[in-house]
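Participant: no sequence on hand, only this structure:
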């Protein structure tokens, strides 16, 4: 059903968006018919009225499963119980619902539809492997993208598989060397030597986390504030799909020399596919939105350009499922995506190493790096 410029699912068109001055629920069509009804913010309502509105909205939503990275999976009935009891998650859900309703009301009145960013489909051509400079040799060595993908957890595994199939090939095609830690290998003891290499320029992956820690297989602490060497993050761009890590761990890595860090300051929440609408894969809306950052970085964008494109991707995804639980948590995730560090950060699939000694047996890249110096 089309309301304004947005295409609503049938049940979504019936969900209330706000409360009138006389206490009646109003849906999208009713608000669009009388734009003056959109004035004011739902955050100004009493908690009791906000809760009544949220419960009415969730009641009309078909059964769903809501996955919270780092917490688990909740059913529709369980989310409603959290709302009624106003648990920590219930308060979060209420806040997210009111924020999304405010935004949808504004979008309806404005009549605008966000568009997806243009993401390069083909990598920029590689440059020649090396060139000779008089008295010295300049070698172009491939840089590395280090991926820590949690494939052994039921919540993160679908994202890990999606990233392996859709993000890793972009980096490979662009010319980066890939180091992928997954399954039981996704632990700190394997991470440290790869991260410390001067050829590693990008850290990424999906895993559980909290404000100070990013974890791998079995909850192994891969990066934790106060418990890692600055050399593991120095001069690197970082993007982790995990809960809360951008709140403290992200800024901490920048303080210790990382060029930039993109991640989420609160729980990353997503909806699994809604079987009532097979034409729309809700999971893919979340996966494609977040992966936009990695793909843009792989193709030579600055961190700020990648961040802006990711926000744009979230906005486009939100507009595909207006007035649904998926839209609420796409909005929540978008609003808690933060970029720390230098917005001009870029990564390249190579680094030039200047060798001024008569090396004849060039067998190990790390030996060459130790013997020479990087040209910026």
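Facilitator: Cool, the structure landed. A quick note: this is a predicted structure, and the numbers were derived from the prediction, not measured.

Participant: could you give the number of residues near the nearest residue to residue 229 once chain neighbours are set aside?
Facilitator: In space, and not counting its chain neighbours, residue 229 is closest to residue 196: 7.0 Å by CB to CB, 6 or more residues apart in numbering. The C-beta positions use only the backbone N, C-alpha and C, and glycine is treated the same way. Neighbours of residue 196 under the rule other CB atoms under 10 Å: 14.

Participant: wait, isn't residue 196 in contact with residue 233?
Facilitator: No - Residue 196 is beyond contact range of residue 233, at 9.5 Å (criterion: CB atoms under 8 Å).

Participant: so which elements touch the host helix or strand of residue 99?
Facilitator: Assigning secondary structure by DSSP states H and E places residue 99 in helix 88-110. Applying 3 or more CB pairs under 8 Å, 6 or more residues apart in numbering; DSSP states H and E, we find helix 88-110 packed against strand 16-19, helix 28-33, helix 47-60, helix 76-85, helix 325-335.

Participant: neighbouring strands - and their directions - for the shortest one?
Facilitator: Okay, so that is strand 16-19. strand 25-27 (antiparallel) (DSSP bridges).

Participant: so what's residue 120 closest to, chain neighbours aside?
Facilitator: That would be residue 299: by CB to CB, 6+ apart, it lies 4.3 Å from residue 120.

Participant: got a list of what that neighbour touches?
Facilitator: By CB atoms under 8 Å, 6 or more residues apart in numbering, the contact list for residue 299 reads 119-120, 123-124, 170, 174.

Participant: how close does it sit to residue 305?
Facilitator: Using CB to CB, to the nearest Å, residue 299 is found at 10 Å from residue 305.

Participant: please apply the same query to residue 72.
Facilitator: Using CB to CB, residue 72 is found at 35 Å from residue 305.

Participant: compare the two (neighbour count), which wins?
Facilitator: Taking neighbours as other CB under 10 Å, residue 72 and residue 305 compare with residue 305 leading, 18 against 11.

Participant: quick check: the more buried one vs residue 104, distance?
Facilitator: 27 Å.

Participant: same question, residue 293
Facilitator: From residue 293 across to residue 104, the span is 24 Å (CB to CB).

Participant: so which of these two has more stuff around it?
Facilitator: residue 293 (28 against 25).

Participant: pretty sure that one contacts residue 304?
Facilitator: No - counting by CB under 8 Å, residue 293 does not reach residue 304; the two are 10.9 Å apart.

Participant: overlap in contacts, these two.
Facilitator: Taking CB under 8 Å, 6+ apart as the contact criterion, no residue touches both residue 293 and residue 304.
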